[in-house]
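No letters, just coordinates:
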């Protein structure tokens with residue numbers, strides 16, 4: 001398969017950093033001041049040379065683009081008409097959906113309603129909940145990679161929570177659940193704006209994995225969202241995971257094997273206390289988490305799945321599956 005040139009936007013930095021492992025060139029539009037979606041490479045990650053920036057007002061002049069990868073509703077409804085030519089809007093197109101529907105978990109129509117676009121979901125749960133209408137769909141689960149030298153130590157007798165803007169994102173992201181559990185178990189919150197809830201602030205992406213690996217367990221308080229990359233990364237490090245038994249989480253974490261899930265947060269507290277008191281048991285669960293992550297979230301599987309998607313779309317072969325109404 002030849003190297004493709006794929007135009008996309010910088011929407012989720014961590015995901016984009018993993019997507020950059022594909023053997024293709026990612027072209028990111030940028031605008032003066034680098035507003036949301038147009039931040040280009042940014043300074044938070046170490047980007048390979050295959051991630052290229054182009055001025056947004058010059059995109060229309062590019063004749064070497066093979067595929068357009070949309071990553072947000074704004075990309076689909078506004079950005080493409082602003083920066084793409086009419087011919088570019090007829091190129092092979094993919095919409096990468098990062099989240100489940102918010103308005104209604106079962107009845108929301110996806111903004112893309114086009115049989116010539118492939119809608120890629122990051123979890124089976126997301127695909128199940130969206131009404132994708134006549135748009136063909138497939139699933140590419142997350143893929144993550146952690147440095148060989150960074151592994152779980154669990155030396156800190158505390159749990160860690162990694163959520164950006166938790167205080168401002170409220171119940172959906174589990175701000176109240178975090179507060180409820182924090183009253184009973186020592187927890188540290190990290191992420192952008194976490195200081196607003198007494199957290200430790202943002203840890204740079206380059207340092208986050210080593211930071212998380214020192215905690216006895218990882219707690220995910222989120223009620224309703226997609227499967228977080230932070231969860232996948234923690235498991236790949238060998239950190240036991242505790243969280244709510246909702247969304248795709250129930251297919252990832254197994255009670256007593258890689259961590260614990262429950263729909264009642266108070267049922268998780270005794271397990272947390274037990275792990276704080278028993279480092280050996282925590283390490284056992286962490287090893288189970290790492291085995292699961294190696295099986296489900298390897299970067300090689302992720303790259304292979306995306307290569308299959310790009311090959312299918314750019315070769316104009318029949319798209320993968322069609323969702324039902």
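Arrived safely. Since we're looking at a predicted model, the values are computed, not measured.

and for whichever strand or helix holds residue 286, what are the contacting residues?
Take DSSP states H and E as the rule and residue 286 turns out to sit in helix 279-296. Helix 279-296 is contacted from outside by 141, 144, 152, 154, 216-217, 232, 234-241, 252-254, 256-259, 274-275, using CB atoms under 8 Å, 6 or more residues apart in numbering. C-beta: built from backbone N, CA, C; applies to glycine.

Next, check the residues you listed against the helices and list the overlap.
Per DSSP state H, helices hold the following members of the contacts of helix 279-296: 232, 234-237, 274-275.

Select from the residues you listed the one having the most neighbours.
Tallying neighbours with other CB atoms under 10 Å puts residue 234 at the head of the ones in helices among the contacts of helix 279-296, with 32 neighbours.

Just give the nearest non-adjacent residue to that residue, would you?
With CB to CB, 6 or more residues apart in numbering as the criterion, residue 234 has its nearest non-adjacent residue at 4.1 Å, and that residue is residue 218.

from what I can see the one you found touches residue 162, true?
Yes. With contact defined as CB atoms under 8 Å, residue 218 reaches residue 162; the gap is 7.5 Å.

okay, and the common contacts of these two?
With CB under 8 Å, 6+ apart, residue 218 and residue 162 have common neighbours 212, 230, 234.

The second one sits in which helix or strand?
Taking DSSP H and E as the definition, one finds residue 230 inside helix 229-237.

I'd like to know which elements that helix is packed against.
Under the contact criterion of 3 or more CB pairs under 8 Å, 6 or more residues apart in numbering; DSSP states H and E, helix 229-237 touches helix 13-19, helix 205-213, strand 215-220, strand 241-244, helix 279-296.

Name the residues of the helix or strand following the first one that come out as buried.
It refers to helix 13-19. Counting by DSSP H and E, the next helix or strand C-terminal to helix 13-19 is strand 25-30. Neighbour counts over strand 25-30 (16 or more other CB atoms under 10 Å) mark 25-30 as buried.

And for stretch 273-292?
Residues 275-276, 282-283, 285-286, 288-290, 292 are the ones in stretch 273-292 that count as buried (16+ other CB under 10 Å).

swap in stretch 163-173?
Under 16+ other CB under 10 Å, the buried positions of stretch 163-173 are 163, 166-167, 173.

Just confirm residue 193 contacts residue 164, I think it does.
Yes. Between residue 193 and residue 164 there is a contact under CB under 8 Å: 6.9 Å.

Mutual contacts of the two, please.
With the criterion set as CB under 8 Å, 6+ apart, the overlap between the contacts of residue 193 and residue 164 is residue 202.

Run through the stretch 201-325 of the chain and note the low-pLDDT ranges.
Along the stretch 201-325 of the chain, the model assigns pLDDT under 70 to residues 316-325.

ok, 90 please
Along the stretch 201-325 of the chain, segments meeting pLDDT under 90 span 315-325.

for the helix or strand where residue 52 lies, packing partners?
Following DSSP H and E, one finds residue 52 within strand 51-55. With contacts defined as 3+ CB pairs under 8 Å, 6+ apart, strand 51-55 has these neighbours: strand 25-30.

and the direction of the strand it packs on versus that of strand 51-55, what angle?
Per axes from the mean of the first three to the mean of the last three CA atoms, to 10 degrees, the angle that strand 25-30 makes with strand 51-55 is 40 degrees.
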